[in-house]
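Q: Task: produce atomic coordinates for the following.
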Amino acid sequence: MATDLDRELLETVRLQSSSPVNYLSPEDEVVVTPEGIGPLMYGRSKLGDIGDRISSGIGSLKEKFQYYFGDPTVNVELWNIIRPMPRNALPPPMGNQLLPNVPNWSWHEYGNRVGFWRHLNALQSRDIRATLAINGHVCSKYPRIAEAALEAGWEFMGHGYEQQPQHSLDNEDAEIAAAVEEIKTFTGKQPIGWESPGLTETENTLDLLKKNGIEYVCNWPMDDLPTTLETKYGPMLTLPYPLETNDIVIHIIQHQPANIFYQQCKETFDRLYMESDENIKIMAISMHPYLTGTPHRIGHVEKLYDYINQHDGVIHMTGEEIYHWYNSEMKAGQT
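A: From the prediction side, this is the model:
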C-alpha cells in the first residue's frame, strides 16, 4: 500500500521526470537530490547492496534501496490493412493469406477503438502512469489516443513507425528517424526509449537507435535488472521486459484462458517481491489493447493492479524514469 512518502516521491517524479534520482539514505529514508527525480516500475527492497547483483558489469554500486519497481507498458500499433497482419485471431480460409485481411485487421482495430480506453481508465483510476509503446504514425492516424496518453502523463516510447519487423524495412535508419520525429513533433520531446515491433532487431538496429537519440531498449528480456550493451555511438541500456508477463505470449502464443494473465503476473510479482528483500527488483507488464482490453480480460488487469498496490514499497515508474534512476545510481556507485 502506498504511503504518504511514496505519493510525495511519485509526485516529484511526475514534475521532474527528465531528471535523475538518488533515492535512499542509510537512515532508510527517501532522499530527493537537487537534480530531481526520474522513473516508473515495481520494486521493493530492504537495505541491501545492489552492486554485486547487477549483471551489467558496470561496477560495484554501494547504494541501499528499499523499493520494488514496476513498469506497465501499453502497446498501441498501426496495422496497415494492405499488408499481411502481424498476428491472426482467425486463421485464413484454407490456409491462404488473403488481402485485405478484414477480420484480423478489425480484431486489432477494436483495441484502438475500445480496448485502449479500458486500459487508460484502469490505470488512471489507480493513479498509475504507463509507458506507451507507440508506432510513430499512430500520433497522426489515431490522434485521440495519443492526446489522451499525453494528457495522462504517459511516456511515449518508440515502437517502429508502423507495425513491421525491423528486418522487413527497406531503409531501417529512415524508418527509425521517422518514428522518432513524429513522436517528438507530437509530444514536443525527444523519445529516449524503444521497443521494436515483435522485439525484432537487425545487426544494425542498436547502432541506428543510438544514432537517433534512443537511450534504452526493451528488446532483450534477459535480466531482472537493467543491463548495458555497446553500440558504435555509445552504450545502450536494456530494461527488463519479461515475455512471461506479456499478454501476447500468454494469450496468443500459449493460448491461455483470461484468468491466467492475472495468475502468471501475480506469481511473478510475488517471487520478485520476496527476492527484493535482498536486492531491488524490476517487473514490466506488457499489455495490448486488442488482447487485455477486451471485456472478458480487462477485469483481470484491474484485479492484478489492485493486488500489486496492496503491497508496501511498490512504486510504478515509466521506462524513462527507470533509465534516469539507474544511471544516477550507477554514477553514485562509481564515486
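
Q: Grab the nearest non-local neighbour of Gln254.
A: Ile260 (7.9 Å; C-beta to C-beta, 6 or more residues apart in numbering). To be clear about C-beta, it is placed using only N, CA and C from the backbone, and glycine gets the same treatment.

Q: again, but for Tyr326
A: Counting by C-beta to C-beta, 6+ apart, the residue nearest Tyr326 is Pro226, at 4.8 Å.

Q: can you pull the contacts of the one you found?
A: Residues near Pro226 by C-beta atoms under 8 Å, 6 or more residues apart in numbering: Ile54, Ser56, Tyr216, Leu237, Thr238, Leu239, Pro240, Ile282, Ile322, Tyr323, Tyr326.

Q: any idea how far Gln264 is from Gln256?
A: 8 Å (C-beta to C-beta, to the nearest Å).

Q: Mind jotting down where the strands sit in the stretch 51-200 of the chain?
A: Assigned by DSSP state E, counting those that start in this stretch, the stretch 51-200 of the chain shows strands spanning 68-76, 131-134, 155-158, 193-194.

Q: Mind putting the ones you listed into a markdown table with mean pLDDT?
A: Output for the strands of the stretch 51-200 of the chain, formatted as a markdown table (pLDDT from 0 to 100):
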| stretch | mean pLDDT |
| --- | --- |
| strand 68-76 | 82 |
| strand 131-134 | 97 |
| strand 155-158 | 98 |
| strand 193-194 | 98 |
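
Q: so which of the ones you listed gets nearest Leu99?
A: Of all the strands of the stretch 51-200 of the chain, strand 68-76 sits nearest to Leu99, with 23.0 Å by C-beta to C-beta.

Q: and the closest one, how far from the chain's centre?
A: Offset of strand 68-76 from its chain centre (C-alpha atoms, centre = their mean, to the nearest Å): 4 Å.

Q: shouldn't His158 be in contact with Ala177?
A: Wrong residue type there; residue 158 is Gly, not His. No - when contacts are counted by C-beta atoms under 8 Å, Gly158 is not listed as touching Ala177 (10.4 Å).
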